[in-house]
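Peer 1: I need the structure of the sequence given here:
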Amino acid sequence: MKRVITLILSLMVSHYGFAQSSIKQTEVERIVKTLSADDMMGRRTFTPGIEKASIFLQAEFKRIGLKPLTGLNSFEQKFSMYSLKPEQSTVVLNDTEIGKDKYFFMTGHESIAWTSPKQVFYIGENANYRKAFGEILSKKVDAVVLVNPKHQKTFANYHRRFNSSSMKESLGKGESQLFILADSVQVNDIKAELTNKVETLPLANVAGVIPGKRANEYVVFSGHYDHLGYQKAVEGDSIANGADDDASGTTAVVALADYFKKQGKPERTLIFVCFTAEEIGGYGSQYFSKQLNPDEIVAMFNIEMIGKASKFGANSAFITGFERSDFGTILQEAVKGSPYSFHPDPYTEQNLFYRSDNATLARLGVPAHSISSDQIDIDKLYHSVDDEFESLDMKHMTNMIRAIAVGAKSMVDGKATPKRVNKAEVD
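Peer 2: Here you go, the predicted structure:
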């Protein structure tokens, strides 16, 4: 028994030692500094800045020796979204024309011409608007939704959001809803017409693979490489560099790809993906999730903001949705005896499990969790022009990448398989 314990400890120390020597702080600094530099212009989706970041990441994957995803001939996983912006619209309810500030449509269709609604819903004055809104959308039916004027302020916020433009994965599919701010609780008759201006928008994740002995068992390492671009200037600086959010996580993906490539062919196939469009709706991860069989994905390490020490101290991070699988427990066991530690998410009220790119695969049952060390409840640099390279704790960040490398080893080697997330319990 003592020999077994000694062997386990020596293997752990070996993994820890290799991570220490292989994942170098100078390399981590080089990558994150490049991604968060001013010439990346904040990496906003659909801008030259994010294209420049994509070119850099593709070059890194080529340097490391990764392979493209199956079926692709480059590291770009290209896809398109559609922007729909209302051009012309008219709504007549019960013979009264409704002002344009009193209604908005939600649709993936280029045009709508209704003379009668399929279903009618009502959000009353005492209803929870946000909850009712979500419940109506979840029904997935064409509908007219009458909103009591008591919700005017909240309605106005939604109107600004959905009446400017909306993003859709496809055109001419799915249901449509028309929300109207009105005293009425009845729809005797209605005439609703809408014409949208449609623009096709190209997007691309950056993804590479280390093929494993088990070709159809995947471990995914991910982070998003987009950010916010330009914001209101503060002391002459208007570039939201996104060093922690999420150049830090993207850097980890590159560093981990380099680390595992140096170890020869893994037992399981490893996918390293840098998602686009996280900040505007998680569209990159949504597209990615549809290209693979989720039942073949063993685990997803989504890395989000690891550039500063957590509330648990340096060299520690937390795992979102910790209780939804034993993914976190496996990581905790793997780093025992090292300087690193992983903890359950201390900010459950922030709903972080659903606010990053892990959520799409988690909803499909994958043990997909985000790893972060951000103290989001007190982080004054989050989504600001001050989220710059100089604000990062590079020693901590490097050690967190090493910690993930050590923690992931048993899953990569096929010795540990986390339990699946219960899809019925995921919102």
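Peer 1: For the stretch 51-200 of the chain, just list every one of the strands.
Peer 2: For the stretch 51-200 of the chain, applying DSSP state E, counting those that start in this stretch gives strands covering 76-93, 96-97, 103-106, 111-114, 119-123, 143-147, 166-168, 177-181, 190-210.
Peer 1: And the first one, what does it pack against?
Peer 2: Here strand 76-93 is seen to pack against strand 103-106, strand 166-168, strand 177-181, strand 190-210, helix 283-289 when contacts are counted using 3 or more CB pairs under 8 Å, 6 or more residues apart in numbering; DSSP states H and E. Where you see a C-beta, it was placed from the backbone N, CA and C, and this is true even at glycine.
Peer 1: Provide the strand pairings for that strand, with the direction of each partner.
Peer 2: Strand 76-93 has the following strand partners under DSSP bridges: strand 96-97 (antiparallel), strand 166-168 (antiparallel), strand 190-210 (antiparallel).
Peer 1: tilt between the longest one and strand 119-123?
Peer 2: So that's strand 190-210. 90 degrees (axes from the mean of the first three to the mean of the last three CA atoms, to 10 degrees).
Peer 1: For strand 190-210, the averaged confidence score.
Peer 2: For strand 190-210, mean pLDDT rounds to 97.
Peer 1: Now it: buried residues?
Peer 2: By 16 or more other CB atoms under 10 Å, the buried positions in strand 190-210 come out as 190, 192, 194, 196, 198, 203-210.
Peer 1: Compile those into JSON lines and extend it with columns for distance to residue 132.
Peer 2: Formatted as JSON lines, the buried residues of strand 190-210 follow (distance: CB to CB, whole Å):
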{"residue": "190", "distance to residue 132": "20"}
{"residue": "192", "distance to residue 132": "20"}
{"residue": "194", "distance to residue 132": "22"}
{"residue": "196", "distance to residue 132": "25"}
{"residue": "198", "distance to residue 132": "29"}
{"residue": "203", "distance to residue 132": "32"}
{"residue": "204", "distance to residue 132": "37"}
{"residue": "205", "distance to residue 132": "34"}
{"residue": "206", "distance to residue 132": "39"}
{"residue": "207", "distance to residue 132": "38"}
{"residue": "208", "distance to residue 132": "44"}
{"residue": "209", "distance to residue 132": "44"}
{"residue": "210", "distance to residue 132": "47"}
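Peer 1: Now do the end-to-end distance for stretch 35-48.
Peer 2: Terminal residues of stretch 35-48 are spaced 13 Å apart (CA to CA, to the nearest Å).
Peer 1: Now for the chain, the helix or strand with the poorest mean pLDDT.
Peer 2: helix 2-22 (a mean of 61; mean pLDDT, DSSP states H and E).
Peer 1: C-terminal to that helix, what's the next element?
Peer 2: Using DSSP states H and E, the helix or strand that follows helix 2-22 in sequence is helix 25-35.
Peer 1: Tell me which other helices or strands that following helix touches.
Peer 2: Using 3+ CB pairs under 8 Å, 6+ apart: helix 25-35 touches helix 48-64, helix 249-261, helix 394-412.
Peer 1: quick one: the longest one to strand 190-210, angle?
Peer 2: For the pair helix 394-412 and strand 190-210, the angle between their directions (the same axes, to 10 degrees) equals 90 degrees.
Peer 1: Using CSV, list the CA coordinates for helix 394-412.
Peer 2: Once non-C-alpha atoms are left out, helix 394-412 reads as follows in CSV (Å, rounded to 0.1, in the frame of the first residue of the first chain):
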residue,chain,number,x,y,z
MET,A,394,1.7,37.2,-14.2
LYS,A,395,3.1,34.9,-11.6
HIS,A,396,-0.5,33.9,-10.5
MET,A,397,-1.7,33.6,-14.0
THR,A,398,1.2,31.4,-15.1
ASN,A,399,0.6,29.2,-12.0
MET,A,400,-3.1,28.9,-12.8
ILE,A,401,-2.3,27.6,-16.3
ARG,A,402,0.1,25.1,-14.7
ALA,A,403,-2.7,24.1,-12.2
ILE,A,404,-5.1,23.4,-15.0
ALA,A,405,-2.4,21.3,-16.8
VAL,A,406,-1.9,19.2,-13.7
GLY,A,407,-5.6,19.0,-12.9
ALA,A,408,-6.6,17.9,-16.4
LYS,A,409,-3.9,15.2,-16.7
SER,A,410,-6.1,12.3,-15.5
MET,A,411,-8.9,13.2,-17.8
VAL,A,412,-6.5,13.6,-20.7
